[in-house]
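Participant: With the sequence up front, the predicted model follows.
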Amino acid sequence: MPTIQAVKPVARQRVRRLSILDTPTPDACALARFGAGLSRAMERAHVDTRVVDASLLGHADVAIVQHDCDAASGELADHVGRLSVPSIAVLHSVPKSPTAQQRSSVHAIAAAADRLVVMSRAAYACLSREYAVDRGRIAVVPYGATIPGPMRMKRPSRPTILTWGWLAPGDGVERVIDAMASLKDVPGQPRYVVAGPTHPRVLAVDGDSYRDARIEQARRTGVTGSVSLDARHYDGVMLSTLLQQAAVIVLPYDTTEQTASAVLVEAIAHGRPVVATAFPHAVELLSNGAGAVVDHDDADGLAAVLRQVVTQPRLSGAMAAEARRLAPDMAWSAVAAEYLRLANELVAQLAGASAAPD
């Protein structure tokens, strides 16, 4: 598990104002939720923090921008390069096998920003090895999450296996639907809930064809009564309740490259057992027992692990306990404190450079 560095005490707080570049993505996407969550946490730490457009990005002591290889363009690096204040670039994805465009995009933002933040040790290693970025310029800070308080919650009579988030091809939902056929004999008759709307980019091109295909798959395999595709958007208290009611959260993604998953962090932060395919962030976070990782092509292994988690309370309890142990490092307060430390370091370095004799 990648833990953030212990927050070093700062003799005096130099940074009083931060700006976070707004993203042109839907409010529910990972980038938008990150910006909103970090901004709220900074405000609670009494740091004036604004989510702004590019024209106001430099009106702060330090500017924070977010980069994603699938969404970013050269304009982001241009905006950062024109800043007269220090900058921190948060890299949400660091592909292990980048396309030429992805490699160029990462190199551009790495050259423009003063510090780079990634969300896992896997991303840190990949950025330094594959993209030749100086390790001294990279920090590892988790994606933040709201840690729920103690709740007395009655879980559904049928154990819930949950996948949530934007629905799109590549989510691997079909793996779990296939596995449900082998779980028909499990006491309590577990059900598989896929919660979340179709991703807007997918919806614009293909409509709900992926969702419709999964509904047809459930019908064809005889598990219609045990599979539910819920197109509602969950957030806040509704999302927290959904996660805490789950017996296990499953991330059956096709990708073998994902070095940061906000969904995975939310699952751990809510103290739930997780079963995932072997993408890098899952391998890293679940290695100490907060869940289980299965090979992408191991259908029998996935079914077996899900059976174990929903039928063995001691196993699921141990996974949940390990998740709760990891959760505090992911709290927005801890994440904000680490970004503030990085920002203070940048401002101090700038002040030191300005004071140095010619």
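Facilitator: Good, I have the coordinates.
Participant: these two touch, right, Arg155 and Gln245?
Facilitator: Yes: between Arg155 and Gln245 there is a contact at 5.4 Å, judged by Cβ atoms under 8 Å. Any C-beta I mention is one placed from the backbone N, CA and C, and that applies to glycine too.
Participant: how about low-confidence regions in the stretch 251-358 of the chain?
Facilitator: Scanning the stretch 251-358 of the chain for pLDDT under 70 picks out 353-358.
Participant: before we move on, back to that, so between Arg155 and Gln245, which is more surrounded?
Facilitator: It is Gln245, of Arg155 and Gln245, that has more neighbours when counted by other Cβ atoms under 10 Å, with 17 against 11.
Participant: Can you give me every residue that contacts that one?
Facilitator: Shown in contact with Gln245 (Cβ atoms under 8 Å, 6 or more residues apart in numbering): 153, 155-156, 160.
Participant: could you flag which of these are buried?
Facilitator: Buried subset of those (neighbour count, 16 or more other Cβ atoms under 10 Å): Thr160.
Participant: got the contacts of Gln245 as JSON lines, with secondary structure, distance to Gln217 and pLDDT columns?
Facilitator: Below are the contacts of Gln245 laid out as JSON lines (DSSP: H, G, I helix; E, B strand; the rest coil; distance: Cβ to Cβ, whole Å; pLDDT from 0 to 100):
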{"residue": "Met153", "secondary structure": "coil", "distance to Gln217": "31", "pLDDT": "71"}
{"residue": "Arg155", "secondary structure": "coil", "distance to Gln217": "26", "pLDDT": "77"}
{"residue": "Pro156", "secondary structure": "coil", "distance to Gln217": "23", "pLDDT": "81"}
{"residue": "Thr160", "secondary structure": "strand", "distance to Gln217": "19", "pLDDT": "97"}
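Participant: Just give me the closest of the contacts of Gln245 to Arg214.
Facilitator: Nearest to Arg214, judged by Cβ to Cβ, of the contacts of Gln245 is Thr160 at 17.0 Å.
Participant: to the chain's geometric centre, what's the distance from stretch 335-355?
Facilitator: Offset of stretch 335-355 from its chain centre (Cα atoms, centre = their mean, to the nearest Å): 25 Å.
Participant: Could you list the buried residues of that stretch?
Facilitator: Buried-residue list, stretch 335-355, by 16+ other Cβ under 10 Å: 335-348, 350.
Participant: so which of those would you say is closest to Arg44?
Facilitator: Closest to Arg44, out of all of the buried residues of stretch 335-355 and judged by Cβ to Cβ, is Ala336, at 7.6 Å.
Participant: got the contact list for that closest one?
Facilitator: Contacts of Ala336 (Cβ under 8 Å, 6+ apart): 38, 41-42, 44-45, 47, 144.
Participant: Go through those and flag which are in helices.
Facilitator: 38, 41-42, 44 (DSSP state H).
Participant: how about the helices in this protein?
Facilitator: Taking DSSP H as the test, the helices found in the chain are 30-44, 74-81, 100-112, 121-130, 173-180, 200-206, 209-220, 236-245, 262-269, 280-286, 299-311, 313-326, 332-355.
Participant: which of those is buried the deepest?
Facilitator: Per residue and on average, the most neighbours among the helices of the chain fall to helix 262-269, with a mean of 25 (mean count of other Cβ atoms under 10 Å).
Participant: tell me what that one is packed against?
Facilitator: Secondary-structure packing of helix 262-269 (3 or more Cβ pairs under 8 Å, 6 or more residues apart in numbering; DSSP states H and E): helix 30-44, helix 236-245, strand 248-251, strand 274-277, helix 280-286, helix 313-326.
Participant: Distance to Pro190 for those - can I get that in TSV?
Facilitator: Listed next are the helices and strands packed on helix 262-269 as TSV, based on distance: least, Cβ to Cβ, whole Å:
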stretch	distance to Pro190
helix 30-44	28
helix 236-245	13
strand 248-251	9
strand 274-277	12
helix 280-286	20
helix 313-326	12
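Participant: Quick check: which of the ones you listed is nearest to Ala113?
Facilitator: Using Cβ to Cβ, those put helix 30-44 closest to Ala113, at 15.8 Å.
Participant: center of this protein, which residue is that?
Facilitator: Ala262 (1.6 Å; Cα atoms, centre = their mean).
Participant: Name the nearest residue to that residue, sequence neighbours excluded.
Facilitator: Ala30 (4.3 Å; Cβ to Cβ, 6 or more residues apart in numbering).
Participant: pLDDT at that neighbour, what is it?
Facilitator: pLDDT recorded at Ala30 is 84.
Participant: Kindly reformat the contacts of Gln245 as CSV containing distance to Val173.
Facilitator: Formatted as CSV, those follow (distance: Cβ to Cβ, whole Å):
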residue, distance to Val173
Met153, 25
Arg155, 22
Pro156, 20
Thr160, 15
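Participant: between the contacts of Gln245, which is nearest Val94?
Facilitator: Distances from Val94 to these, taken by Cβ to Cβ, are shortest for Thr160, at 32.5 Å.
Participant: need the contact list for that closest one.
Facilitator: Taking Cβ under 8 Å, 6+ apart as the criterion, Thr160 is in contact with 190-193, 245-247.
Participant: Serialize those residues to a markdown table and add fields for pLDDT and distance to Val80.
Facilitator: Listed next are the contacts of Thr160 as a markdown table, based on pLDDT from 0 to 100; distance: Cβ to Cβ, whole Å:
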| residue | pLDDT | distance to Val80 |
| --- | --- | --- |
| Pro190 | 97 | 48 |
| Arg191 | 97 | 46 |
| Tyr192 | 98 | 43 |
| Val193 | 98 | 40 |
| Gln245 | 94 | 42 |
| Ala246 | 96 | 39 |
| Ala247 | 96 | 44 |
